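# Let's see this in three dimensions:
(one chain, ligands or ions: 1)
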Amino acid sequence: MKILILNGPNLNLLGNREPDVYGYKNFDDYFGQLQFSLKDVELSHCQTNSEGEIIDRLQEADKDFDGIVLNAAAYTHTSIAIADAVKAIKTPVVEVHISNTYAREDFRQKSFFAPHTKGVIIGFGLQSYELAIRSFITK
Ligand code: DQA
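Next comes the predicted model:
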C-alpha cells in the first residue's frame, strides 16, 4: 500500500514553531519513526508552502497512491481550490490536524475539505498522522 503524506504551509517549522501547540519534534524525525512502525506501508512525504503545489501534488498522487494524508494547515480554512482538487481526485484523502482546531480560534473551525474526505483526524499531536494511515489499513 502506498500512502502520501502531504503537508502544507509552515509545517516545515515543526519542532520550532509554537511548540506548546505543535510539539517539539520535527517532521523528519517523526517520519522516520512512522516508517519504522509501519513497515508494510510504502510512505512518501512532501511539504510545500504553496497552495498551487498542494493541488499539483494531489493531482499527481491520484495516479500513484492508494491514500493521501493531507494536512494543508491554514489553507484548510481558506482554500476552495484545494477543496475542489480533493473532490476531483479518486484517491481517498484523510484530513489531519496536529492541534485540536476546535479548541482554537473560530476561523480554524471551518474546513473546506472535510466534506470531500474519507474522514478527519484532529488534535492527537503528530500521532494524528499515524491514526490516519492506519485508517487506510484497517478495513
Ligand atoms: C494545523 C491547524 C491549522 O489551523 C494551522 O493553520 C496549521 C496547523 C494543525 O495541524 O494543527 O498550520 O493544520
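# looking at this, Ala83 is in a helix?
Yes: counting by DSSP: H, G, I helix; E, B strand; the rest coil, Ala83 falls inside a helix.
# Please tell me how far it sits from Val94.
In this view, Ala83 and Val94 are 15 Å apart by C-beta to C-beta, to the nearest Å. Bear in mind the C-beta positions are built from the backbone N, C-alpha and C, glycine included.
# Counting neighbours, go ahead and name the busier of the two.
Between Ala83 and Val94, Val94 has the larger neighbour count (other C-beta atoms under 10 Å), namely 23 against 20.
# Need the three-state assignment for that one.
Per three-state DSSP, Val94 ends up strand.
# Could you do Leu4 as well?
strand.
# List the contacts of it.
Leu4 makes contact with 44-46, 57, 61, 64-65, 67-69 under the criterion C-beta atoms under 8 Å, 6 or more residues apart in numbering.
# again, only this time at 7 Å
Applying C-beta atoms under 7 Å, 6 or more residues apart in numbering, we find Leu4 in contact with 44, 46, 61, 65, 68.
# likewise Ile137?
So Ile137 contacts 1, 41 (C-beta under 7 Å, 6+ apart).
# What of Ile5?
Taking C-beta under 7 Å, 6+ apart, one finds 43, 45, 69, 129 in contact with Ile5.
# ok, those vs Asn100, which is closest?
Tyr129 (15.0 Å; C-beta to C-beta).
# pLDDT on the helix or strand harbouring the closest one, on average?
Assigned by DSSP states H and E, Tyr129 belongs to helix 127-137. The average pLDDT for helix 127-137 rounds to 96.
# now that helix, how far from the centre of its chain.
Per C-alpha atoms, centre = their mean, to the nearest Å, the displacement of helix 127-137 from the mean C-alpha position of its chain is 10 Å.
# Ok, stretch 130-139 next?
With C-alpha atoms, centre = their mean, you get 13 Å for stretch 130-139.
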